[in-house]
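Asks: structure for this input, please:
(one chain, ligands or ions: 1)
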Amino acid sequence: MDFKQYHQPVLVQSLLNHFNLANDSIVFDGTMGFAGHAEAILSAYPSITYVGFDKDLAAIPIAKQRCAQFSKVQVINAPFSSMFQHVNNVPVLPTHILLDLGVSSFQIDQSNRGFTFQKNEPLDMRMDTNANLTANQVLHDYSHDALVELFETQGDIRGPQKLVEEIISKRQQNKLKTTFDLVDCVKHGFFVRSRRQFISMCTKVFQAIRIEVNGEMNELKEFLDHVLKYSGVTVAIITFQPNEDKYLKAFIKDHGLIRITKKPLQSSYQECKKNPRERTAKLRIFQIQ
Ligand SMILES: C[S@@+](CC[C@H](N)C(=O)[O-])C[C@H]1O[C@@H](n2cnc3c(N)ncnc32)[C@H](O)[C@@H]1O
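Replies: Numbers count the residues shown, from 1 in each chain. Predicted structure coming up:
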């Protein structure tokens, strides 16, 4: 099977170069996805123990299949904020933890869950399809002020008031059901000068809702608070949004953690050309003291 059709992992070589793995390492991969990073790491260090987590049930069988040739791999359907609760079952302590945040290309392109503004799909956006909150609920149940705050803080959008008015008007007419209905709100919610600017606004709007639906900032914060207890563990985190990277950078500084990468590692121009997801990716590696 061509696993690359699901997702192309980012910053693979930088991760391998700076993660300081050894043959007896125990890696917890909090965002196993379709095991792109897992396969690269396991191919370089076939004897390591690898425990992967993903909250999307659809990823689990593919990840297992992709790693079937390696003997010490486990894949668990759970959020990474709860990975330390699994330590008793696993039963090993990690030496290394990897988080590759956000969504996979599979979720965007093939899941039919409304992660993309380029296809007309239901307003779902849940990574964990058993979770309660959907994009539809956020858009229909949140107040005017809550939506404004959401777009400002999670989407980095300045002046989202007109967009929120469009959303509220559409929902009152029972006309906000699919991703294209939301795209219509973006169309009328901002003055844009070019197609490029319009796409950028759609990206920010969809991203803000996705972050809310999946509690992405809370997951990261909860994980970081827990990981502080695991002295000696090396942690690699790939972020795609300025908010996440800003939080992570401050966290590392405030807790005096050992920076293995002094600055975040980013992809080269050539890599970004091959895989556009690399453009906003930043990798920070640090060690808990
Ligand atoms: C960018 S993809 C990871 C891709 C993976 N590193 C690879 O190379 O194939 C992110 C994955 O993390 C999962 N995910 C995101 N947030 C999560 C969380 N809080 N807990 C567990 N899985 C999460 C998503 O469902 C998605 O499959």
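Asks: count the residues that sit near Ala78.
Replies: 14 (other Cβ atoms under 10 Å). To be clear about C-beta, it is placed using only N, CA and C from the backbone, and glycine gets the same treatment.
Asks: you'd agree it is up against Phe53?
Replies: Yes. Counting by Cβ atoms under 8 Å, Ala78 does reach Phe53; the two are 5.3 Å apart.
Asks: if I've got this straight, Ser14 is in a helix?
Replies: Yes. Secondary structure of Ser14 (DSSP: H, G, I helix; E, B strand; the rest coil): part of a helix.
Asks: residue contacts, it?
Replies: If a contact means Cβ atoms under 8 Å, 6 or more residues apart in numbering, then Ser14 has 265, 267, 283 as its contacts.
Asks: also Lys273?
Replies: Lys273 touches nothing, counting by Cβ under 8 Å, 6+ apart.
Asks: pLDDT score assigned to it?
Replies: pLDDT recorded at Lys273 is 84.
Asks: any shared contact partners between Ala78 and Phe53?
Replies: Common neighbours of Ala78 and Phe53 (Cβ under 8 Å, 6+ apart) are His86.
Asks: point to the residue nearest the middle of the protein.
Replies: Gly102 (1.3 Å; Cα atoms, centre = their mean).
Asks: element containing that residue?
Replies: Assigned by DSSP states H and E, Gly102 belongs to no helix or strand.
Asks: thought it was touching Asp245?
Replies: No. Between Gly102 and Asp245 there is no contact under Cβ under 8 Å: 11.8 Å.
Asks: mind listing the shared neighbours of these two?
Replies: Thr239.
Asks: tell me the SS of the residue of the stretch 151-289 of the chain found nearest the ligand?
Replies: Distance from the ligand to each residue of the stretch 151-289 of the chain (Cβ to the nearest ligand atom) is smallest for Glu219, at 3.8 Å. Judged by three-state DSSP, the three-state class of Glu219 is helix.
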